[in-house]
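Undergrad: Here is a sequence together with a model predicted from it:
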Amino acid sequence: MLGLRYVACEDCDTVAAVPMAASNTATAACGRCGSMALTDLTGRFRGPTYFADVD
């Protein structure tokens, strides 16, 4: 089973989840506009504070 990587396109402001294996290649592009200007957001969602139960 593949993990997901979250990316944001700087050109069309689209955020997408792509399979980890496909996103690690140099040909990863935005599915909406085809831009190669993708910013990886994955690390922002994997931290323990994101999933912490806050009262």
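TA: Structure received. Numbers count the residues shown, from 1 in each chain.

Undergrad: Strands of the protein, start to end?
TA: Remark: strands assigned in the chain by DSSP state E are 4-9, 15-19, 38-40.

Undergrad: Least confident secondary structure element in this protein?
TA: helix 48-51 (a mean of 57; mean pLDDT, DSSP states H and E).

Undergrad: which residues of this structure score low on pLDDT?
TA: 1-2, 21-27, 45-55 (pLDDT under 70).

Undergrad: again, only using 50
TA: For the chain, the stretches flagged by pLDDT under 50 are 23, 25-26.

Undergrad: since we're on the closest residue to T14 other than its chain neighbours, how many residues are nearby?
TA: Nearest residue to T14, sequence neighbours excluded (CB to CB, 6 or more residues apart in numbering): R32, at 4.7 Å. Using the backbone N, CA and C atoms, a C-beta is placed for each residue, glycine as well. The number of residues packed near R32 is 12, by other CB atoms under 10 Å.

Undergrad: Return the residues in contact with R32.
TA: Listed by CB atoms under 8 Å, 6 or more residues apart in numbering, the contact set of R32 reads 9, 12, 14, 16.

Undergrad: of all those residues, which two lie farthest apart?
TA: C12 and A16 (10.5 Å; CB to CB).

Undergrad: more neighbours, the two?
TA: A16 (16 against 12).

Undergrad: sorry, back to before: list the residues that contact both of C12 and A16?
TA: Contacts common to C12 and A16, judged by CB under 8 Å, 6+ apart, are 30, 32.

Undergrad: In CSV, list the contacts of R32 along with distance to M36.
TA: Putting the contacts of R32 into CSV (distance: CB to CB, whole Å) gives the following:
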residue, distance to M36
C9, 9
C12, 12
T14, 13
A16, 14
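
Undergrad: before we move on, the earlier item: quick check: which of the strands of the chain is buried the most?
TA: strand 4-9 (a mean of 18; mean count of other CB atoms under 10 Å).

Undergrad: in its sheet, what does it sit against?
TA: For strand 4-9, the pairing partners within the sheet under DSSP bridges are strand 15-19 (antiparallel), strand 38-40 (antiparallel).
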